[in-house]
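A.B. asks: Sequence first, then the predicted structure, then my questions.
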Amino acid sequence: MGGGRTADAGRGRPGTEERGAAGASRWQWKRWRTGRPTGPEPVPEAPEASGAKRAGQPFLHRRGPLSSAVRWLVLLAGLVLTVVFAVGLARVTLVPVPGARNLVHPNFHLGASLRGYLDQPAVRAAAQQVGGNVLLGMPFGVLLPVLFPRLRSVLAATALTALVMVTVEAAQGLLVEGRAFDVDDVLLNTFGALLAHLLVGRRIGRALYARP
């Protein structure tokens, strides 16, 4: 008697496996009818794991009121600085200089004006010419990655800077009295944008926007 009860207990109650299989089949059929994938229910992520994941993200990439406010402040500052830079660029490059009408000549030969700058006896004057053109292009390398996420790459920022400066130089030569087109100025401006982008702009762009 005792041995029979033990054997029955080891095998389990009659019909348990059949009922379990039927219940699983009905559950899978219901999941198929509702369009949901069959399989075990997804396990929700633990709060500790999600908190650790957020902590590993850069601050400006996180979702939250504080990070969003800081991100918008950075973008607003970039927009204001872009307007200020555009006004300053126009005043530096597009203001007529009537007294220099007979002194300036267009330069389409790469390196010609640069050699003239470096051959000047006064080192200060040469540094002003070369350094001024390099500094004039640097804001492009910082502001473009801030305002335009797709321009975070070095190639995109450099190409757009070169395009803008070619347009400015062409406007100088065609429309502004006392100024002329100079391809070396475009080269120095573009180099300044490239340098600023590598040093600062790329870091700011990565801090603001997650990688695609």
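C.D. replies: On my side now, so go ahead.
A.B. asks: the strands in the protein, which residues?
C.D. replies: Taking DSSP state E, the chain contains no strands at all.
A.B. asks: which one's the longest helix in it?
C.D. replies: Longest among the helix segments of the chain by residue count, using DSSP state H, is helix 65-93.
A.B. asks: where along the chain do the helices fall?
C.D. replies: If DSSP H is used as the criterion, the helices of the chain fall at 2-11, 16-33, 47-56, 65-93, 112-118, 123-147, 154-175, 183-196, 202-208.
A.B. asks: And those helices: which comes nearest R101?
C.D. replies: Nearest to R101 among those is helix 154-175 (12.5 Å), distances taken as CB to CB. Heads up, the C-betas are built off the backbone N, CA and C, glycines and all.
A.B. asks: Could you tell me which residues within the closest one count as buried?
C.D. replies: Of the residues in helix 154-175, those scored as buried under the neighbour-count criterion (16 or more other CB atoms under 10 Å) are 154, 157-158, 160-162, 164-166, 168-169, 172-173.
A.B. asks: Over to stretch 114-124?
C.D. replies: Burial within stretch 114-124, assessed by neighbour count using 16+ other CB under 10 Å, is assigned to 114, 117.
A.B. asks: quick one: contacts of that stretch?
C.D. replies: When contacts are taken as CB atoms under 8 Å, 6 or more residues apart in numbering, the neighbours of stretch 114-124 outside the stretch itself are 126, 129-130, 184, 187-188.
A.B. asks: R150 - nearest residue in space that isn't next to it in sequence?
C.D. replies: The spatially closest residue to R150, leaving aside those adjacent along the chain, is A156, at 6.7 Å (CB to CB, 6 or more residues apart in numbering).
A.B. asks: can you tell me the average pLDDT over stretch 98-106?
C.D. replies: This predicted structure assigns stretch 98-106 an average pLDDT of 77.
A.B. asks: How about stretch 137-149?
C.D. replies: Mean pLDDT, stretch 137-149: 88.
A.B. asks: Could you give me the buried positions within that stretch?
C.D. replies: In terms of neighbour count (16+ other CB under 10 Å), stretch 137-149 has its buried residues at 137-146.
A.B. asks: ok, now stretch 198-206?
C.D. replies: Buried positions in stretch 198-206, judged by neighbour count with 16+ other CB under 10 Å: 201-202, 204-205.
A.B. asks: Now list the buried members of the contacts of stretch 114-124.
C.D. replies: 126, 129-130, 184, 187-188.
A.B. asks: any idea which of those is closest to S113?
C.D. replies: Nearest to S113 among the buried ones among the contacts of stretch 114-124, with distances taken as CB to CB, is D184, at 4.0 Å.
A.B. asks: Run a quick check on the closest one versus G111, I expect a contact.
C.D. replies: Yes. If you go by CB atoms under 8 Å, D184 and G111 touch, sitting 6.6 Å apart.
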